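> Structure for the following, please:
(chains A and B)
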Number of protein chains: 2
Amino acid sequence: MSEDRQAPVRVALLGCGTVGSEVVRMLLADADELAARVGAPVEIAGIAVRRPDKHPELPQELLTADAGELVESDVDVVVELIGGIDPVRGWLLTALRRGTSVVTGNKALLAECGAELAEAASASGADLYYEAAVAGAIPLVRPLRESLAGDRITRVMGIVNGTTNFILSAMDSTGASYAETLDEATRLGYAEADPSADVDGYDAASKAAILASLAFHTRVTAGDVYREGIAGINSSDIAAARRLDRTVKLLAICERVAAEDGTESVSARVHPVMIPKSHQLAGVGGAFNAVYVEAEAAGELMFYGQGAGGAPTASAVLGDLVAASRNRVAGGRGPRESAHADLPVRPMGQTPTRYHISLDVADEPGVLAQIAQVFSVHGVSIAAVRQRDKHSTASLVVVTHLAADAALEATVSEISKLDVVREVVSVMRVEGEDS
Amino acid sequence: MSEDRQAPVRVALLGCGTVGSEVVRMLLADADELAARVGAPVEIAGIAVRRPDKHPELPQELLTADAGELVESDVDVVVELIGGIDPVRGWLLTALRRGTSVVTGNKALLAECGAELAEAASASGADLYYEAAVAGAIPLVRPLRESLAGDRITRVMGIVNGTTNFILSAMDSTGASYAETLDEATRLGYAEADPSADVDGYDAASKAAILASLAFHTRVTAGDVYREGIAGINSSDIAAARRLDRTVKLLAICERVAAEDGTESVSARVHPVMIPKSHQLAGVGGAFNAVYVEAEAAGELMFYGQGAGGAPTASAVLGDLVAASRNRVAGGRGPRESAHADLPVRPMGQTPTRYHISLDVADEPGVLAQIAQVFSVHGVSIAAVRQRDKHSTASLVVVTHLAADAALEATVSEISKLDVVREVVSVMRVEGEDS
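Numbers count the residues shown, from 1 in each chain, chains lettered A, B, ... in the order given. Coordinates of the predicted model:
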């Protein structure tokens, strides 16, 4: 037994880019420290990269171009940092079915095939850890899965994509257009050459799916997540928010929603949101991420830290690797996924939201009455109205109470057709305000 | 095997006050949900309270006055919410030696006898969980012990005591004296009838010992923590901070300190600190707690939430109880304590700190030169000086660079004896400023 404990934990690394090379560096530099924490040495058995000849900086004898072969060799843990669904999915399923534990930061794969991976892990008794898949260095998966395991989470809401946060923060501070700011972000390396995964909200939607699955013990896939990116945000939206001491953020919002008959469902969505400048999320700038969690007993919790980058993400990977390795050494096993609640996913149209609508309207009597009538017809209750004269037109700002998103959308559509409405200047969902 | 899995996990509850009764409520109300998460029903085997006749609200057949007997009965997990060292220490050691897992929120016991408890748990293979002991509902123990297990934590700093935070916040907003504000806090139920554990920093020091032990893989006891409470803070300290757009908070600060020769040590301290109003910790009010963690790879992380109260603390207890129960059902075991680094604890005098000193001095030439000379003699470097005329005396504010705390203390002592110094108005350590 004590001899067993000294046998090294053998790790296969798939992919060695920014995060992977930092993982290798830390594994080598802190080998003694990690061995003490794990109870056995943690040894790199191999590193699979597409082009081994392009990695002169890595120990050459560890390199292979054949990830499939490496996964099927004598290893205890597979650390996957390649990303994307195929061919990674097959390799990780192979590993898990063989009883090899998996540590991954692959949000797209988890959001798409999380159930399949979890079942394979559960069947063989292997561990599946993925702290790095959501919000980089911020411990979020483990708190949701373990610390809050005895509580009922009602809401998870946060900034989980650094690229869009950088762009929106910059638009707010410079007043520049979306296109100009995206160019600048690309030049500075904050946005990829093909920015779609970030700016169209795909990355955030994958993370929302993972967070909702954990929080509500329900399988939520990326396809279940309502998704709206930031490409439609223009300077006038930002300016409208600014005038009202608010700012625009791209948020991932996962909620437990109770219907009137008491049945519960889950809503998961990613879209731009207007929040008060005084809200704690408003101050989260650049590449930082921040996530609020609300639970029935715990109340409101907030987690803040670096959401991306080589070293921060490697920290999350190493934490998981230590956990998986400890379990190998001690013979235990991490907590299983749990999808027992199996709640239905509520479509966006039926999800309660609040709208902030800025209109340019004719400066004549009875305008507000006409507009209010449209809200009333759709069953949408108005929380606040502000009017401001502006030469021959007047500016009207309406904030609604919570209503089904489809009713709000229909209201805006009908209002835009009224003769007295010159222009719908900005429509934005709001969060973080007293209702 | 599958029959085994359905056997209930039997829980003994020691103590049933505010937190305990919330734990019972949640265990009964969410029984099905918890069973699904654990993989087996979680059953209350008994509740030990001092006076069973005083608890008509609890299931009578579960009550006992004999905690020792309950611990030695057929139970899988002991949840301890009594607090204090004796007789609890004996009961928990008995449980752990019998292989019964322990969930506790007892910070005083952990800060005093943590090593002994961890060794007993390790020897028998039982789990020892204590998320509720630090910062109530905020997941902090698990992130430090597991999520950051592959990283090197350099600093943990935060507000971990709600009572003192309430008092200092109130003094800042009302300008009232410490004594008046403490009376008010007691009346409102924010302070105990005997407030010493909170206001003298004992509670925060216990938490600092637990956090430092986890963060630095080193046994740190409450006795190792430098401790200064808030009873010495007067309105003029608060006013001095306010004039400079700063505020006073009681912080627990745990640091990894490297000496010039590269050897490392650990510093753990609790004392009032002046921080800029713009610092994120400055905005943390009332009973909320917030803790910063800095790690080499992860960078800066922040955790925020309710640090006390029945339901928030019960959430942390339940999370631990689910983990311990899952391990019972699955046959695994939580991560062990690790004290392998075994770093020396650095005395406060040798810990680098920065001081903020407000003086009333004679309004005559050469005063600053005399004062600066004293700093120089003690090897303390001055970061900034501000002077202000005030009738016949002048007001002088000095902020230092980092220096050994003993050198700073000696400097202040010598300055206070200078003829040109009429009064030392306020001396406060500072954090969160650029140096």
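
> So which bits of the stretch 201-350 of chain A are right by chain B?
The stretch 201-350 of chain A comes close to chain B at residues A:217, A:295-306, A:309, A:311-312, A:314-323, A:326-327, A:330-336, A:338, A:340-341, as judged by CB under 8 Å from any CB of the partner chain. Every C-beta, even on glycine, is put in place using the N, C-alpha and C of the backbone.

> Write the PyMOL selection for whichever of the residues you listed are buried.
Of those, the buried ones can be selected in PyMOL as follows, counting by 16 or more other CB atoms under 10 Å in any protein chain shown:
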select buried, chain A and resi 217+295+297+298+299+300+301+302+303+304+305+306+309+311+312+314+315+316+317+318+319+320+321+322+323+326+327+330+332+333+334+335+336+338+341
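
> What about the residues of the stretch 201-350 of chain A next to chain B, which are in strands?
Within those, residues falling in strands by DSSP state E are A:295, A:299, A:300, A:301, A:302, A:303, A:304, A:305, A:306.

> can you name the two of these that are farthest apart?
For those, with distances taken as CB to CB, the pair at the greatest spread is A:299 and A:306 (25.3 Å).

> Check the burial of the residue nearest to residue A:121 when sequence neighbours are not counted by counting its neighbours.
Nearest residue to residue A:121, sequence neighbours excluded (CB to CB, 6 or more residues apart in numbering or on different chains): residue A:128, at 4.0 Å. Other residues near residue A:128 come to 24 when the count uses other CB atoms under 10 Å in any protein chain shown.

> For residue A:128, give me its contacts.
When the contact criterion is CB atoms under 8 Å, 6 or more residues apart in numbering or on different chains, the partners of residue A:128 are A:96, A:101, A:102, A:104, A:117, A:118, A:121, A:334, A:337.

> That one bridge partners, please.
In this structure, residue A:128 bridges to residue A:102 when assessed by DSSP bridges.

> CSV for the contacts of residue A:128, including pLDDT?
Output for the contacts of residue A:128, formatted as CSV (pLDDT from 0 to 100):
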residue, pLDDT
A:96, 97
A:101, 97
A:102, 98
A:104, 97
A:117, 97
A:118, 95
A:121, 95
A:334, 80
A:337, 72
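
> any idea which of those is the one closest to chain B?
Nearest to chain B among the contacts of residue A:128: residue A:334, at 7.9 Å, using CB to the nearest CB.

> Next, that closest one: phi, psi?
When quoted as degrees, to the nearest 10, the phi and psi of residue A:334 stand at phi -70, psi 170.

> Excluding chain neighbours, what is closest to it?
Distance criterion CB to CB, 6+ apart; nearest residue to residue A:334, sequence neighbours excluded, is residue A:127 at 4.4 Å.

> Which residue, neighbours along the chain excluded, lies closest to the closest residue to chain B within the stretch 251-400 of chain A?
Using CB to the nearest CB, the single residue of the stretch 251-400 of chain A nearest to chain B is residue A:318, 2.3 Å away. Residue nearest to residue A:318 in three dimensions, not counting chain neighbours: residue B:150, with 2.3 Å by CB to CB, 6+ apart.

> what does the average pLDDT come to for the lengthiest helix in chain A?
In chain A, assigned by DSSP state H, the helix with the most residues is helix A:310-330. For helix A:310-330, mean pLDDT is 94.

> for that helix, the distance to its chain's centre please.
Taking CA atoms, centre = their mean, to the nearest Å, one finds helix A:310-330 lying 21 Å from the centre of the chain it belongs to.

> tell me what it is packed against?
With contacts defined as 3 or more CB pairs under 8 Å, 6 or more residues apart in numbering or on different chains; DSSP states H and E, helix A:310-330 has these neighbours: strand A:9-14, helix A:18-29, helix A:31-38, strand A:42-48, strand A:77-80, strand A:101-104, strand A:128-129.

> For those, give me JSON lines that also has distance to residue B:224.
Conversion of the helices and strands packed on helix A:310-330 to JSON lines gives the following (distance: least, CB to CB, whole Å):
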{"stretch": "strand A:9-14", "distance to residue B:224": "33"}
{"stretch": "helix A:18-29", "distance to residue B:224": "29"}
{"stretch": "helix A:31-38", "distance to residue B:224": "21"}
{"stretch": "strand A:42-48", "distance to residue B:224": "31"}
{"stretch": "strand A:77-80", "distance to residue B:224": "36"}
{"stretch": "strand A:101-104", "distance to residue B:224": "35"}
{"stretch": "strand A:128-129", "distance to residue B:224": "33"}
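
> Could you find the residue in the stretch 101-250 of chain A that comes nearest to chain B?
Counting by CB to the nearest CB, the stretch 101-250 of chain A gets nearest to chain B through residue A:150 (2.3 Å).

> what about that residue, neighbour count?
By other CB under 10 Å, 29 other residues sit near residue A:150.

> cool, residue A:289 as well?
Neighbours of residue A:289 (other CB under 10 Å): 26.

> For it, which residues are in contact?
Listed by CB under 8 Å, 6+ apart, the contact set of residue A:289 reads A:135-136, A:138, A:158-162, A:165, A:304-308.

> give me the beta-bridge partners of it?
When bridges are assigned using DSSP bridges, the partners listed for residue A:289 are residue A:305.

> Now do it, the pLDDT please.
Per-residue confidence for residue A:289 comes out at a pLDDT of 95.

> So for stretch A:422-435, what gets flagged as buried?
For stretch A:422-435, the neighbour count (16+ other CB under 10 Å) marks A:422, A:425, A:426, A:427, A:428, A:429, A:430, A:431, A:432 as buried.

> quick check, distance from it to the centre of its chain.
When distances are taken as CA atoms, centre = their mean, stretch A:422-435 is centred 23 Å away from the chain's centroid.

> wait, does it make contact with chain B?
No: under the criterion of CB under 8 Å from any CB, chain B is not reached by stretch A:422-435; the shortest gap measures 15.0 Å.

> what's in contact with that stretch?
With contact meaning CB under 8 Å, 6+ apart, stretch A:422-435 is reached by A:157, A:236-237, A:240-241, A:246, A:248, A:251, A:253, A:271-276, A:279, A:281, A:353-362, A:383, A:393, A:395, A:399, A:401-402, A:405, A:412, A:415-416.

> What ranges does the stretch 51-200 of chain A have for its helices?
The residue ranges that make up the helices of the stretch 51-200 of chain A, judged by DSSP state H, counting those that start in this stretch, are A:67-71, A:88-97, A:107-124, A:141-142, A:162-174, A:178-187, A:196-199.

> For those, give me TSV that also has mean neighbour count and distance to residue A:29.
TSV is the format used below for the helices of the stretch 51-200 of chain A (neighbours: other CB atoms under 10 Å in any protein chain shown; distance: least, CB to CB, whole Å):
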stretch	mean neighbour count	distance to residue A:29
helix A:67-71	19	23
helix A:88-97	20	26
helix A:107-124	20	27
helix A:141-142	24	24
helix A:162-174	22	26
helix A:178-187	17	32
helix A:196-199	20	31
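
> Save these as TSV, and put in distance to residue B:182 too.
What follows is the helices of the stretch 51-200 of chain A, written out as TSV (distance: least, CB to CB, whole Å):
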stretch	distance to residue B:182
helix A:67-71	63
helix A:88-97	58
helix A:107-124	49
helix A:141-142	38
helix A:162-174	42
helix A:178-187	51
helix A:196-199	51
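
> Out of these, the one nearest residue B:82 is which?
Ranking the helices of the stretch 51-200 of chain A by proximity to residue B:82 (CB to CB) places helix A:141-142 first, at 28.4 Å.

> OK, contacts around residue A:202?
Residue A:202 makes contacts with A:108, A:196, A:222, A:227, as judged by CB under 8 Å, 6+ apart.
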